[in-house]
Structures are given as structure tokens and as C-alpha cells.
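**Student:** no sequence for this one, just the structure:
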């Protein structure tokens with residue numbers, strides 16, 4: 001678990017995306033925290049595209065209600081070692097927690113999406129990072145964690 005402590009938005013300390021096992025371990029160890037963050041976004045976000053970045057104090061924009069949930073949200077995001085969360089769609093039925101991104105367009109995130117099951121191919125049994133390295137172009141991969149929770153790896 002110590003290796004997951006070094007994960008930061010914008011890249012890992014070693015420049016590589018976190019492994020699927022690292023993200024699954026974070027989710028399973030902090031599942032209640034992920035659910036709590038999801039509820040805060042659903043209850044406090046006004047706009048259908050609600051983006052929050054701990055480092056840039058983005059709760060001060062017009063996409064969130066004014067309230068005292070800010071400290072709780074920061075604390076929960078700190079617990080799951082994530083700085084960026086985004087909810088979108090009516091009722092924020094889709095929300096992602098960004099764990100890795102590059103300027104070149106690659107991102108890896110934990111994703112909650114109630115409508116994803118059955119609509120996309122879910123990759124099981126292989127590390128998403130390895131599959132992405134083998135693919136030659138744009139790549140969008142999903143791995144199921146639990147319920148409506150997934151790992152998403154996207155390379156544009």
C-alpha cells in the first residue's frame with residue numbers, strides 16, 4: 001500500500017500509471033469514502049458537469065452550492081489519495097476519480113457509472129497498462145472493480 005501513497009494527479013512519482021491492483025486496493029480499502037464523495041457531489045453540485053480539484057480550490061466556482069462540506073470533501077479525497085473528482089450527467093450518475101494523467105492524453109481513473117455495464121467490453125485477467133502498451137492508437141479500456149465501480153484507462 002505504500003506505493004499507492006505516492007500516486008498524484010498528473011502522474012505517479014515514477015512517471016508510470018498506477019497498476020490495476022493498486023487502484024483496486026485503494027478502492028477496496030476506502031470503499032465507504034468513495035461512496036461518501038459520490039454523495040457529496042450528487043447533493044452539492046449544481047451544474048451537470050461538476051469538477052473539483054483540491055489543489056485549485058475549484059469549489060469556489062458556480063458549479064457547487066455554498067456549504068460546509070468542503071472540509072469533509074478535502075478530507076475524504078486525502079484519504080483515497082486523489083486530488084481531482086468529476087461528476088457529470090443528470091444526477092451525477094457518472095463520477096470519476098483521476099489518479100493519473102499526461103499531457104499526451106493518457107488517463108487512468110476509478111469510475112462510477114450506473115449505465116456502463118453491458119455497454120462496453122470489460123477487460124478481465126490482464127493489467128490495463130500492459131494492454132494499452134500493446135495497442136497502437138487510441139485506447140479505452142475498462143476493468144470491473146465491484147458493483148457500478150470500474151477502472152478506466154483512456155489514451156487519446
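**Tutor:** Thanks, I have the structure now. Since the structure is predicted, the reported quantities are computational estimates derived from the model, not experimental observations.

**Student:** does residue 48 touch residue 94 like I think?
**Tutor:** No. The criterion here is CB atoms under 8 Å, and residue 48 misses it with residue 94 at 10.1 Å. C-beta coordinates here come from the backbone N, C-alpha and C atoms, glycine included.

**Student:** just give the nearest non-adjacent residue to residue 101, would you?
**Tutor:** residue 107 (4.3 Å; CB to CB, 6 or more residues apart in numbering).

**Student:** in a helix, that's where the one you found is, yeah?
**Tutor:** No. Counting by DSSP: H, G, I helix; E, B strand; the rest coil, residue 107 is not part of a helix but strand.

**Student:** residues near it, how many?
**Tutor:** If you count neighbours by other CB atoms under 10 Å, residue 107 ends up with 18.

**Student:** and if you look at the one 3 residues further on?
**Tutor:** Around residue 110 there are 23 other residues, counting by other CB under 10 Å.

**Student:** and it, how far from residue 35?
**Tutor:** The gap separating residue 110 from residue 35 is 12 Å, by CB to CB, to the nearest Å.

**Student:** ok, residue 46 next?
**Tutor:** When distance is defined by CB to CB, residue 46 is 21 Å away from residue 35.

**Student:** neighbour count winner among the two?
**Tutor:** Comparing residue 46 with residue 35 by neighbour count (other CB under 10 Å), the higher total belongs to residue 35, at 14 against 10.

**Student:** next, name the residue at the spatial heart of the chain.
**Tutor:** In the chain, the centroid-proximal residue (CA atoms, centre = their mean) is residue 97; its distance is 1.8 Å.

**Student:** setting aside sequence neighbours, what's the nearest residue to residue 54?
**Tutor:** Of all residues not flanking residue 54 in the chain, residue 83 sits nearest, at 4.4 Å (CB to CB, 6+ apart).

**Student:** give the burial count for that neighbour, as a bare number.
**Tutor:** Residues lying near residue 83 (other CB under 10 Å) number 20.

**Student:** do the same with residue 48
**Tutor:** Neighbours of residue 48 using other CB under 10 Å come to 12.
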